[in-house]
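S.K.: sequence-free structure coming up:
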């Protein structure tokens, strides 16, 4: 069950990040000036149901992370959180039209290699 908790933490984290980025692209750039404009921007963002679902996902990720930490030492479990980098890259390319550069792919390969080494230890 411990690995399931880690997996769910990663899934909720990736979902939350992707949804938040998607919705913020719709709302446009963050206002640079004017307290009123900043306040209005935050209100629009914070009442958006999709943004709220990303907050819920963050909360659920916290709960499943608590469960995971009851099963593993944090020094073992925490590096698995880097799997969220992979999920965010893959799904941001597929759904948000972001680019997958060679540097990003090499970096992710190093992360995967590190996770494999950790898992085998």
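M.R.: Noted; the coordinates are in hand. Since we're looking at a predicted model, the values are computed, not measured.

S.K.: Could you tell me how many residues sit around residue 15?
M.R.: 21 (other C-beta atoms under 10 Å). For the C-beta atoms, the positions are set from N, CA and C on the backbone; glycine is no exception.

S.K.: same thing with the one 3 residues further on?
M.R.: The number of residues packed near residue 18 is 19, by other C-beta under 10 Å.

S.K.: Return the list of helices and strands in contact with the lengthiest helix in the chain.
M.R.: Secondary structure of the chain per DSSP state H: the longest helix is helix 2-27. Identification of packing neighbours for helix 2-27 by 3 or more C-beta pairs under 8 Å, 6 or more residues apart in numbering; DSSP states H and E yields helix 35-46, helix 49-69, helix 83-96.

S.K.: So which of those is nearest residue 22?
M.R.: Closest to residue 22 of those, according to C-beta to C-beta: helix 83-96, at 6.2 Å.

S.K.: got a list of contacts for the closest one?
M.R.: Applying C-beta atoms under 8 Å, 6 or more residues apart in numbering, the external contacts of helix 83-96 come out as 10-11, 13-14, 17-18, 21-22, 25, 98-100, 104, 108, 111-112, 115.

S.K.: Just want the angle from the longest helix of the chain to helix 35-46.
M.R.: Relative orientation of helix 2-27 and helix 35-46, computed by axes from the mean of the first three to the mean of the last three C-alpha atoms, to 10 degrees: 130 degrees.
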